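Peer 1: I would like the atomic coordinates for the input below:
(4 chains)
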Number of protein chains: 2
Amino acid sequence: MSEKLTLGVAARLSTYLRILTQSRKQGLQSISSQEISEYANVNPTQVRRDLSTFGKFGKRGVGYNVDSLLNQIQGILHTGGVHSLALVGAGNLGTAIVTSSIFKDHGFGIAAVFDRDPARIGEKVGDLIIEDAANIALRCKELGVVLGVLAVPPESAQWAADQLVAGGTKIIFNYTETLLSVPEDVTIHTINPAEEMLYALYFYLT
Amino acid sequence: MSEKLTLGVAARLSTYLRILTQSRKQGLQSISSQEISEYANVNPTQVRRDLSTFGKFGKRGVGYNVDSLLNQIQGILHTGGVHSLALVGAGNLGTAIVTSSIFKDHGFGIAAVFDRDPARIGEKVGDLIIEDAANIALRCKELGVVLGVLAVPPESAQWAADQLVAGGTKIIFNYTETLLSVPEDVTIHTINPAEEMLYALYFYLT
DNA sequence: CATTTTATGAGAAAGTGTTCACAAGTCGCC
DNA sequence: GGCGACTTGTGAACACTTTCTCATAAAATG
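Peer 2: As a prediction, this is how the structure comes out:
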């Protein structure tokens, strides 16, 4: 088995993957480290260094083949397959997530959508039927869900997280502002746009 | 004027700010580096190191006062005031953003919401009236917008970005998958949940 | 077919970031 | 009032990251 990547490299490779996925979608066949670096907001040398650690993927004078580089990076990150995720909360944010092609493009299949509101259970969002949130744990096990997404009101967040944990989910993406408590082997990724904005603003103001 | 922070420190301070803001909301008065570190997924020593660069904010044996630390970090990041943002796209994602309290909690005021669909212009979302996207540039200048958010379909993204740039916006948060071209002095932050998921998954799979 | 342009790959050095280990300050309890 | 549990702040070691530079290779040009 290969060495474990450091946080920084893994984060950048994920970014490159996003850029390549979109480039391929737009019909581009070849891309240079310069172009990747502009979209990723990093130094071109760094892109080449990140890639050359794992092999010689580029052609001098030409650049990188989009398709082949994409496969290479997927190999490095072991994320080539299809992964199932469970979405809790079918409100505006939940609906936006289900109907977005972003997830499918990157190999994520939304296996189920849950909501607590009895009026909404059975309703359709995108291609999915909203299921009762009471069954989260059961259904997550059935469906082999690896990743849970919380798009619920703050006051339901901890409860929903507990259900996902009970269903064996080890990674939770938390779109609420709530600070969640989970067992040690579960990782919470809290997504708060305001946090990133404060960060962006700092570099603008200085 | 103080030194410019490095990317890493600024990112972590923004995270601490989010954690502190929420802790205060939950009525907590005091917090330890240990607690912060658990929510931020970092080492406790790093939290203390990050903070001690700027002064001695904590009390040995006790921890940090939530209110006072919050003010200190806001001071370091120069982000204590209220900042105006413009939102383009009043679909599911746009609506989720307008109705979320996350932005207000961190000092961001949504100054205007735009959409291209004539049927939706004039409609209300949250406390705001949807305005015609044709007026983005004009209204952004009027309102002193510093930050634009793109929550539009991919095919409108470049057009909307151009309007925001014309209105003087220097920071754009791009929630679409589109790779955008903008002048050098404009920074694009592309938000793609799938990218972060691939990254999270890597550490789970290894 | 020689020349120019473009772009990668890697050595080496400078620059940063992270973590350990521990001294020192604070509080509550008996 | 003193003891023990807790928690910050920091020197020093270590590890990692980033960038500069240039050799090398492929393609385009005339």
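Peer 1: gap between residue A:52 and DNA strand D?
Peer 2: Using Cβ to the nearest atom of the strand, to the nearest Å, residue A:52 is found at 10 Å from DNA strand D. Just so you know, the C-beta spots here come from the backbone N, C-alpha and C atoms, and that holds for glycine as well.
Peer 1: do the same with residue A:119
Peer 2: Relative to DNA strand D, residue A:119 is positioned 45 Å away (Cβ to the nearest atom of the strand).
Peer 1: The worst-scoring helix or strand of chain A on mean pLDDT - which strands sit beside it in the sheet, and in what orientation?
Peer 2: Among the helices and strands of chain A, strand A:58-59 carries the lowest confidence by mean pLDDT, DSSP states H and E, at a mean of 87. The strands that strand A:58-59 pairs with in its sheet are strand A:63-65 (antiparallel) (by DSSP bridges).
Peer 1: Skip ahead from the strand it pairs with and say which helix or strand is next.
Peer 2: Next in sequence after strand A:63-65, counting helices and strands by DSSP states H and E, comes helix A:66-77.
Peer 1: Mind giving me the packing neighbours of that following helix?
Peer 2: If contacts are counted by 3 or more Cβ pairs under 8 Å, 6 or more residues apart in numbering or on different chains; DSSP states H and E, helix A:66-77 sits against helix A:7-25, strand A:30-31, helix B:193-205.
Peer 1: would JSON lines of the ones you listed with mean pLDDT and distance to DNA strand C be doable?
Peer 2: Shown next, in JSON lines, are the helices and strands packed on helix A:66-77 (pLDDT from 0 to 100; distance: least, Cβ to the nearest atom of the strand, whole Å):
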{"stretch": "helix A:7-25", "mean pLDDT": "94", "distance to DNA strand C": "7"}
{"stretch": "strand A:30-31", "mean pLDDT": "93", "distance to DNA strand C": "7"}
{"stretch": "helix B:193-205", "mean pLDDT": "93", "distance to DNA strand C": "13"}
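Peer 1: Mind checking those for the one nearest to DNA strand D?
Peer 2: Of all the helices and strands packed on helix A:66-77, helix A:7-25 sits nearest to DNA strand D, with 4.0 Å by Cβ to the nearest atom of the strand.
Peer 1: what packs against the closest one?
Peer 2: Applying 3+ Cβ pairs under 8 Å, 6+ apart, we find helix A:7-25 packed against helix A:33-40, helix A:44-52, helix A:66-77, helix B:193-205.
Peer 1: ok so, going back, mind putting the helices and strands packed on helix A:66-77 in a markdown table, mean neighbour count included?
Peer 2: Compiled in a markdown table, the helices and strands packed on helix A:66-77 are given as follows (neighbours: other Cβ atoms under 10 Å in any protein chain shown):
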| stretch | mean neighbour count |
| --- | --- |
| helix A:7-25 | 20 |
| strand A:30-31 | 18 |
| helix B:193-205 | 20 |
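Peer 1: so which of these comes closest to residue A:155?
Peer 2: Across the helices and strands packed on helix A:66-77, residue A:155 has its closest neighbour in helix B:193-205 (22.7 Å, Cβ to Cβ).
Peer 1: Would the closest one count as contacting chain A?
Peer 2: Yes: looking at helix B:193-205 against chain A by Cβ under 8 Å from any Cβ of the partner chain, the contacts come from B:193-205.
Peer 1: residues of the lengthiest strand in chain A that come out buried?
Peer 2: In chain A, assigned by DSSP state E, the strand with the most residues is strand A:108-115. For strand A:108-115, the neighbour count (16 or more other Cβ atoms under 10 Å in any protein chain shown) marks A:108, A:110, A:111, A:112, A:113, A:114, A:115 as buried.
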